[in-house]
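J.: Build me a structure from this.
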Amino acid sequence: MPASFIIRKATNGQFHFNLTAANNKNILSSETYRDKSGAQAGIASVKANCAADSNYDRRTSSGGHAYFVLMAANKEVIGRSEMYSSKSSMERGIASVKRNGRKAAIRDEA
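T.: Coordinates of the predicted model:
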């Protein structure tokens, strides 16, 4: 299965999306949006901003795990990665978003 954006409805009635790789693992998770159109706009923002390395904020959690945040040009958070056991794993996650984010299909499961 190719990479895809999956839109889902959260238990609180809001919407969110995940970018999943070909192996069906989440590589980027969005914030929640009040309506589906917000999630769709978030996906468009990923597609527009995922190629530029400067849009990735590389971070370390309080538990010592590496993760990244994809930022829009206006510095708003678009999505967050999972926690990685190493910085090299995190860099592979960023490479996967760069590779898949612009061309991934959208699956609406909301």
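J.: Centre-most residue in this protein?
T.: For the chain, L28 is the residue whose C-alpha lies nearest the centre (Cα atoms, centre = their mean; 2.5 Å).
J.: residue contacts, that one?
T.: Contacts for L28 (Cβ atoms under 8 Å, 6 or more residues apart in numbering) come out as N18, L19, V46, L70, I78, G79, R80, S81, V97, G101. C-betas here are computed from N, CA, C, even on glycine.
J.: same thing but 7 Å
T.: Neighbouring residues of L28 by Cβ atoms under 7 Å, 6 or more residues apart in numbering: N18, L19, V46, L70, G79, S81, V97.
J.: Which helix or strand contains it?
T.: strand 26-30 (DSSP states H and E).
J.: that older thread, return the subset of the contacts of L28 lying in strands.
T.: Within these, residues falling in strands by DSSP state E are N18, L19, L70, G79.
J.: can you put those residues in TSV and add pLDDT and neighbour count?
T.: Converted to TSV, the ones in strands among the contacts of L28 look like this (pLDDT from 0 to 100; neighbours: other Cβ atoms under 10 Å):
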residue	pLDDT	neighbour count
N18	97	18
L19	98	25
L70	98	24
G79	97	26
